[in-house]
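Trainee: Got a predicted structure plus its sequence, pasted below:
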Amino acid sequence: MKDKIYRYILTHDDRWSFIIAYVTLAVVLAIVINLFWLALVVALHGAFEWVKQGAIVQDRIAKGFRVLWEVKFDIGLVLFGLALEVYIGVILGIAGLGATARAGVEAGSRAAVWQNVLRGTLLSVDDAAQVVRMAGGAGEGTDGDLDILEGPVMDEKYPLEGPTDLKGRLGPWVEEWVLGDWLSIGFGVFCLLAIVAGPYLTPQDWSEILAALGEEMHPWPWVLD
């Protein structure tokens, strides 16, 4: 059983069961509860990658950079959710629901429903890109056995003994990026900048933004009500 779990972790990016479960949990938990649970799913993916990369390199710094590279889009997804939280009031206001939310409890509930629908729609579109990215390496769309564990898990660019120079430790971060890499990193940077610009582009100040983000990152948001 332990060997099967280990094999599954090493080949998780090539398995439809992981891809479907990952995307489903990410969207459903973010809609039904909040972004904390989305971040938790991303952290779990990072833990899988830490184990997987540990089978390739032993150097902790090199392993850390490789893990960050593998989950860069996932991190961008969390940042997107946080940025959406910063601007959701503005978006709803443009849609004419801002005044509705201030009209009373019932109207406020209606606005909250629209907020969840909007967030779910945008996160679903965003996660569709995640499916495409992850499914690109899935073994012909199957969940069958792969041969990654037939021998020692090796990587010609990053041998098991691990790189010791800075460039070797940075690994894929200093190699030639393909279009998907630029889009993933650019997406994350854009979302981060959007969060930082929140006080200047919305009526909220930093205290209000941080309070809203803090509520979104609380594991049990109903406790705060």
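Mentor: All right, it came through fine.

Trainee: contacting residues around the closest residue to P221 other than its chain neighbours?
Mentor: What sits nearest to P221 in space, not counting adjacent residues and going by Cβ to Cβ, 6 or more residues apart in numbering, is N34, at 5.1 Å. Using the backbone N, CA and C atoms, a C-beta is placed for each residue, glycine as well. Neighbour list for N34: 215-218, 221 [criterion: Cβ atoms under 8 Å, 6 or more residues apart in numbering].

Trainee: Counting by contacts, list what the helix or strand harbouring L84 packs against.
Mentor: According to DSSP states H and E, L84 maps onto helix 72-94. Packing contacts for helix 72-94, counted by 3 or more Cβ pairs under 8 Å, 6 or more residues apart in numbering; DSSP states H and E, involve helix 35-54, helix 98-101, helix 105-135, helix 179-196, helix 198-201, helix 206-216.

Trainee: Quick one: list the elements packing against the last one.
Mentor: So the one you mean is helix 206-216. helix 72-94, helix 198-201.

Trainee: which parts of the shortest one are buried?
Mentor: Which is helix 198-201. G198 (16 or more other Cβ atoms under 10 Å).

Trainee: Not counting it itself, show me its contacts.
Mentor: Residues outside helix 198-201 that contact it (Cβ under 8 Å, 6+ apart): 83, 86-87, 90, 194, 204-206, 209.

Trainee: Buried ones only from these, please, as a ChimeraX command.
Mentor: Filtering the contacts of helix 198-201 down to the buried ones (16+ other Cβ under 10 Å) takes a single ChimeraX command:
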select :83,86,87,194,204,209
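
Trainee: closest to V71 among the contacts of helix 198-201?
Mentor: A83 (17.9 Å; Cβ to Cβ).
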